[in-house]
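Undergrad: with the input below, show me the fold.
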Amino acid sequence: MLKGSVYPDEFADIGQHHFTYALYPHLGSWEEAGTIQAAMDLNHSQYVQINAAKKTNEKYSFLSCSAENIVLEAMKDAEDGKGVILRLVEQHNKGGSVKLHFDRPVRKAWTCDLMESDEAEIQADGCELELQISPCEIVTLRVCF
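TA: Alright, predicted model coming up:
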């Protein structure tokens with residue numbers, strides 16, 4: 001069943017609609033069952049890029065995180081061309097220390113606001129950044145390589 005509005009366009013939701021849903025029975029809490037990851041797997045298609053120059057069967061990741069409750073929601077080039085913007089979200093109402101490991105050395109990194117203005121510099125340790133995240137916090141980072 002789908003309910004659509006009639007104002008300001010009375011014909012906006014008329015037509016054929018397609019959607020996907022799933023039932024996810026599980027034991028224990030939703031956090032223990034990995035409900036958020038299951039929902040993300042359902043709603044976001046996987047993208048794989050093969051690097052023909054690297055002849056290996058090893059797993060590879062541009063970024064990995066030490067905490068399962070932290071999700072990378074967005075990654076894009078910075079609007080001013082200076083680095084990459086990452087948006088991290090803590091999804092289990094748990095705070096704590098988080099280590100981000102990149103596939104290349106980090107030159108500089110900052111927390112920043114939604115307009116990508118730098119706020120506080122984060123000290124990089126080679127390919128790693130460590131930061132504190134509060135429960136349910138959304139963190140925006142600028143990372144330069």
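Undergrad: and the residue nearest the centre of the chain, what's its pLDDT?
TA: Closest residue to the average C-alpha location of the chain: residue 72 at 1.7 Å, with C-alpha atoms, centre = their mean. The confidence metric pLDDT takes the value 90 at residue 72.
Undergrad: give the contact list for it.
TA: 63, 65, 86, 87, 88 (C-beta atoms under 8 Å, 6 or more residues apart in numbering). No exception for glycine: its C-beta is placed from N, CA and C like everyone else's.
Undergrad: C-terminal to whichever strand or helix holds it, which secondary structure element comes first?
TA: Here residue 72, judged by DSSP states H and E, is contained in strand 70-77. Next helix or strand after strand 70-77 toward the C-terminus (DSSP H and E): strand 84-90.
Undergrad: now do the buried residues in the longest helix that the chain contains.
TA: In the chain, taking DSSP state H as the definition, the longest helix is helix 35-43. Neighbour counts over helix 35-43 (16 or more other C-beta atoms under 10 Å) mark residue 36 as buried.
Undergrad: now swap in stretch 78-88 and tell me
TA: 83, 84, 85, 86, 88.
Undergrad: next: stretch 114-125.
TA: Buried residues in stretch 114-125 (16+ other C-beta under 10 Å): 116, 122, 124.
Undergrad: need the residues that contact that stretch.
TA: Outside stretch 114-125, the residues touching it (C-beta under 8 Å, 6+ apart) are 78-80, 85, 105-113, 129-131, 140-142.
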